[in-house]
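**Student:** what would the 3D arrangement of this be:
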Amino acid sequence: MLNDHAAGTARQDLARNWPMRVLLFMLVMGGGLSIGILTAPGAWYSALVKPDFNPPNWVFGPVWTALYAVIAMVGWRQFEARHAGGQWSLWRLQLGLNFAWSPVFFGLHTPWLAVVVIIALWVSIALFITRSWQRDRLSAWAFVPYLAWVSFATLLTVSIAILN
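**Tutor:** Now for the predicted structure:
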């Protein structure tokens, strides 16, 4: 339980940092939504041969919405602790790679280049978890489901690239 001083400091930090939290949430959620709308799967994707384990298209929206909320939460934690071992840089790297994947795959129609992007994304998430483990275990754990989903997405992307 927090003592009165610690609780007061936590309230002051929240009051001071809420604009950045809102901004990061809007950046991550808005960026993900915008990219999803601008690069929605179309006729090209429908015509691709997909592996048997390809989930129905409706699964991706809810999964990514939940993951983007977690990514935003981890982002504001890293922003507020920027001095902590490069995790803020890794967080920004993974977000850039995450946002790049859909335009590369759906926009440019280049599955093999998308494989390169998603492998780099996977590595950046794994590095983030590893480097955050000692300093911010909550953020490290929060990224575990994200890494699991990107692992599945990597397998799916590689499979589509091979099949087409």
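
**Student:** contacting residues for Val28?
**Tutor:** Val28 is in contact with Tyr68, Ala69, Ile71, Ala72, Gly75, Leu95, counting by CB atoms under 8 Å, 6 or more residues apart in numbering. Bear in mind the C-beta positions are built from the backbone N, C-alpha and C, glycine included.

**Student:** max pairwise distance over those: which two?
**Tutor:** Ala69 and Leu95 (13.4 Å; CB to CB).

**Student:** need phi/psi at Leu147.
**Tutor:** phi -60, psi -40 (degrees, to the nearest 10).

**Student:** correct me if wrong: it contacts Ile125.
**Tutor:** Yes - Leu147 is in contact with Ile125 according to CB atoms under 8 Å; the separation is 4.8 Å.

**Student:** and the contacts of Val28 as a markdown table, adding neighbour count and pLDDT?
**Tutor:** As requested, the contacts of Val28 are arranged in a markdown table below (neighbours: other CB atoms under 10 Å; pLDDT from 0 to 100):
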| residue | neighbour count | pLDDT |
| --- | --- | --- |
| Tyr68 | 23 | 95 |
| Ala69 | 14 | 94 |
| Ile71 | 24 | 96 |
| Ala72 | 22 | 94 |
| Gly75 | 24 | 91 |
| Leu95 | 22 | 96 |
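
**Student:** Asp136: which of those is nearest?
**Tutor:** Nearest to Asp136 out of the contacts of Val28 is Gly75 (CB to CB; 11.9 Å).

**Student:** give me the element the closest residue to that closest one other than its chain neighbours is part of.
**Tutor:** Using CB to CB, 6 or more residues apart in numbering and skipping residues adjacent in sequence, the residue nearest Gly75 is Leu24, 4.7 Å away. Here Leu24, judged by DSSP states H and E, is contained in helix 4-38.

**Student:** what does Ala126 give?
**Tutor:** helix 111-132.

**Student:** report the contact partners of the closest residue to Val150 other than its chain neighbours.
**Tutor:** Nearest in space to Val150, with sequence neighbours left out and distances taken as CB to CB, 6+ apart, is Trp122 at 5.2 Å. Taking CB under 8 Å, 6+ apart, we find Trp122 in contact with Leu147, Val150, Ser151, Thr154.
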